[in-house]
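# Got a predicted model here, sequence first, then my questions.
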Amino acid sequence: MQRTAGNRATGEAARRLLARSEPPAKKPIDPPGTGYDGINGSEHIGRALDPQQVHMATMFRQWLEANRGAKDQWSASAASIASKHKGSGPERAALYAELQRQIIQVDRNWYAGLVRGVDDEWIFLSKTQLARTFVVRPDGTCWAGSQKVLTEVGDRRRVDYEDESLFPLHEVEKLPPRVQAEKDAYGLNRQAARGAAGGWAIIGALNGILDYFRGKAEVIEQAAIERELEAHSAGIGAHQAEKPHDGALVRITTRRTKLPDAPTDGPEKLVSIEVGYGRTESEALADLDRQARAAPAPAANEVFSRHTRWVEPARASAAAELRPPFPRVASGGIRGTTLILQNVKWDADGFDDEDQAQVAFAAEQDVRFSVLRVPPKLAGQTVPLEERAPREGPKVPSVDLDPGTPFADVHAVAVFPENEVTRQGFERAPATVLGTSVGGFANFELVRWIRPENLRVFDGR
């Protein structure tokens with residue numbers, strides 16, 4: 001009997017020891033809009049979220065869980081996400097509040113306060129040692145900076161928007177040097193904010209792919225896709241940490257079996273996941289095509305599909321940093337402040353002219369572009385080229401848009417933006433209409449066309 005009691009006591013002790021050695025069960029994450037609040041002043045804002053806000057908060061929480069050691073980026077990421085949200089002022093404030101709650105749920109030592117402004121702003125406060133503030137106005141504009149811009153007025157705060165230690169997170173043309181320096185130091189200028197939120201952007205983009213496959217692929221395939229995407233997510237993050245100007249184009253190839261006498265095909269099955277890198281989506285696509293593996297040929301009853309998702313660069317590239325699709329031969333501009341562009345179409349018969357577009361600029365010196373030499377063959381077709389004299393400057397290569405058409409003499413010169421002002425102007429006019437592919441020429445979508453008689457050419461280079 002004593003031996004039995006001893007064995008029972010020993011077994012109980014062993015169970016207690018094992019229980020202490022087992023890792024505690026991971027607490028499930030509360031859905032956005034629920035769970036621990038923690039914001040000091042949360043009575044000033046509710047927790048009702050629309051589906052888009054719930055999705056963004058969910059993606060942000062996933063990023064937080066994967067970046068627990070990056071606390072210096074947490075608020076910058078939340079501010080970047082909220083200020084870029086396509087919602088109203090109250091909706092941006094509600095989203096930012098929920099992102100702060102997600103941070104607090106990850107780290108209970110995190111502090112976030114909220115007060116209202118005299119102009120009905122939502123004013124978020126960091127802990128006293130940091131003395132930072134994030135302000136959302138009712139019109140949706142967002143500001144960030146030092147708490148010294150705040151003055152107490154009863155239970156509210158007045159914001160001094162003229163103080164140079166407060167800066168806008170919405171787009172502005174140019175900031176004074178001192179304001180820009182403060183903005184850079186806080187890490188919330190456009191590029192820094194995008195970089196801080198880069199990991200979140202990767203998760204969001206790749207989760208969009210998973211959302212697509214839910215219901216379209218077998219459960220076992222969904223798990224395989226998720227595992228591979230997680231691995232690629234880490235690779236993309238490492239690549240962008242080293243080359244922040246690169247975006248990533250993720251391409252998933254799947255196949256489906258055609259089911260005889262069935263209204264739908266079978267579920268999608270994974271063939272491959274590939275990633276290409278580049279400063280633009282077309283550069284990344286060209287990189288993908290260069291490294292593409294030979295895929296197995298589909299069987300007679302199979303259909304292959306490709307799905308792509310673009311992950312934005314952590315830092316955007318300036319126009320001058322982008323690679324044109326064709327060789328540069330000269331630099332060009334215009335006379336006056338109106339640029340007249342020739343709209344062009346490419347199809348099975350080659351290039352053809354359409355109507356023209358006009359783009360206005362503030363000053364003629366703002367307009368700078370490269371003149372390009374189009375190759376004599378594109379996608380196996382001969383391109384009719386001819387040297388033409390522009391309005392000013394030496395002759396440049398142009399494309400005959402009406403070859404063989406009597407009494408028609410429309411030529412166009414391919415141009416590529418050299419600065420941001422010109423790039424933005426080009427975006428206000430149609431890109432080349434593609435009836436068929438011109439081939440793997442990266443950044444061809446940035447090319448525009450000008451008739452020689454409207455073109456001012458500087459010295460060739």
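That came in fine, so what should we check first?

# contacting residues around Trp310?
Counting by CB atoms under 8 Å, 6 or more residues apart in numbering, Trp310 makes contact with 205, 247-250, 281, 284. The C-beta positions use only the backbone N, C-alpha and C, and glycine is treated the same way.

# Redo those residues as JSON lines? Include distance to Leu114, secondary structure and pLDDT.
As requested, the contacts of Trp310 are arranged in JSON lines below (distance: CB to CB, whole Å; DSSP: H, G, I helix; E, B strand; the rest coil; pLDDT from 0 to 100):
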{"residue": "Ala205", "distance to Leu114": "30", "secondary structure": "helix", "pLDDT": "62"}
{"residue": "Gly247", "distance to Leu114": "35", "secondary structure": "strand", "pLDDT": "90"}
{"residue": "Ala248", "distance to Leu114": "36", "secondary structure": "strand", "pLDDT": "91"}
{"residue": "Leu249", "distance to Leu114": "40", "secondary structure": "strand", "pLDDT": "92"}
{"residue": "Val250", "distance to Leu114": "38", "secondary structure": "strand", "pLDDT": "90"}
{"residue": "Glu281", "distance to Leu114": "39", "secondary structure": "helix", "pLDDT": "94"}
{"residue": "Ala284", "distance to Leu114": "40", "secondary structure": "helix", "pLDDT": "94"}
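
# ok, of those residues, which come out buried?
Buried by 16 or more other CB atoms under 10 Å: 205, 247-250, 281, 284, out of the contacts of Trp310.

# which of these lies closest to Trp449?
Using CB to CB, Glu281 comes nearest to Trp449 of the buried ones among the contacts of Trp310, at 21.4 Å.

# ok, Lys243 - contacts?
Residues near Lys243 by CB under 8 Å, 6+ apart: Tyr277.

# so where's the stretch 101-250 of the chain uncertain?
170-220 (pLDDT under 70).

# can you do 90?
Counting by pLDDT under 90, the low-confidence segments of the stretch 101-250 of the chain come to 127-132, 144-146, 162-245.

# need the helices for it, in chain order.
Ranges of helices in the stretch 101-250 of the chain, per DSSP state H, counting those that start in this stretch, are 177-186, 190-196, 198-213, 219-242.

# And the contacts of Trp310, which is closest to Asn40?
Ranking the contacts of Trp310 by separation from Asn40, with CB to CB as the measure, puts Ala205 on top at 33.8 Å.

# Mind listing what's buried along stretch 94-112?
Result for stretch 94-112 [16+ other CB under 10 Å]: buried residues 94-106, 110-112.

# make that stretch 436-453, sorry
By 16+ other CB under 10 Å, the buried positions in stretch 436-453 come out as 438, 441-444, 446-452.

# and what of stretch 302-322?
For stretch 302-322, by 16+ other CB under 10 Å, it's 302, 309, 311-317, 319, 322.

# Domains in the protein, by residue range?
42-195, 217-311, 319-460 (automatic domain parsing).

# about what we covered before: can I get the contacts of Trp310 in JSON lines with distance to Lys84?
Below are the contacts of Trp310 laid out as JSON lines (distance: CB to CB, whole Å):
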{"residue": "Ala205", "distance to Lys84": "14"}
{"residue": "Gly247", "distance to Lys84": "16"}
{"residue": "Ala248", "distance to Lys84": "19"}
{"residue": "Leu249", "distance to Lys84": "21"}
{"residue": "Val250", "distance to Lys84": "21"}
{"residue": "Glu281", "distance to Lys84": "19"}
{"residue": "Ala284", "distance to Lys84": "22"}
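
# wait, which of those residues is closest to Pro406?
Glu281 (41.1 Å).

# which residues does the closest residue to the closest one other than its chain neighbours bridge with?
Of all residues beyond its chain neighbours, the one nearest Glu281 is Trp310 (5.0 Å), with distances taken as CB to CB, 6 or more residues apart in numbering. Beta-bridge partners for Trp310, by DSSP bridges, are Leu249.

# Ala57 and Arg47 touch, don't they?
No: between Ala57 and Arg47 there is no contact under CB atoms under 8 Å: 10.4 Å.

# neighbour count winner among those two?
Between Ala57 and Arg47, Ala57 has the larger neighbour count (other CB atoms under 10 Å), namely 22 against 15.

# got the buried residues for the helix or strand containing that one?
For Ala57, the enclosing helix or strand under DSSP states H and E is helix 51-66. For helix 51-66, a neighbour-count test (16+ other CB under 10 Å) marks 53, 55-64, 66 as buried.

# can you check stretch 81-95 too?
For stretch 81-95, using 16+ other CB under 10 Å, the buried residues are 81-85, 89, 91-95.

# one step back: need the domains of the chain in TSV (columns: distance to Pro32).
Below are the domains of the chain laid out as TSV (distance: least, CB to CB, whole Å):
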stretch	distance to Pro32
domain 42-195	4
domain 217-311	21
domain 319-460	35
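
# Ser272 and Arg255, how far apart?
Using CB to CB, to the nearest Å, we find Ser272 at a distance of 10 Å from Arg255.

# Look at those two and report which has more neighbours.
The neighbour comparison of Ser272 against Arg255 (other CB under 10 Å) goes to Arg255, with 18 against 14.

# can I assume that one is in contact with Val271?
Yes: with contact defined as CB under 8 Å, Arg255 reaches Val271; the gap is 5.5 Å.

# Which neighbours do the two have in common?
Common contacts of Arg255 and Val271 (CB under 8 Å, 6+ apart): Phe304.

# State the distance from the most centrally placed residue in the chain to Gln240.
For the chain, the residue nearest the mean C-alpha position is Glu312 (3.3 Å; CA atoms, centre = their mean). From Glu312 over to Gln240 the distance is 10 Å, taken as CB to CB.
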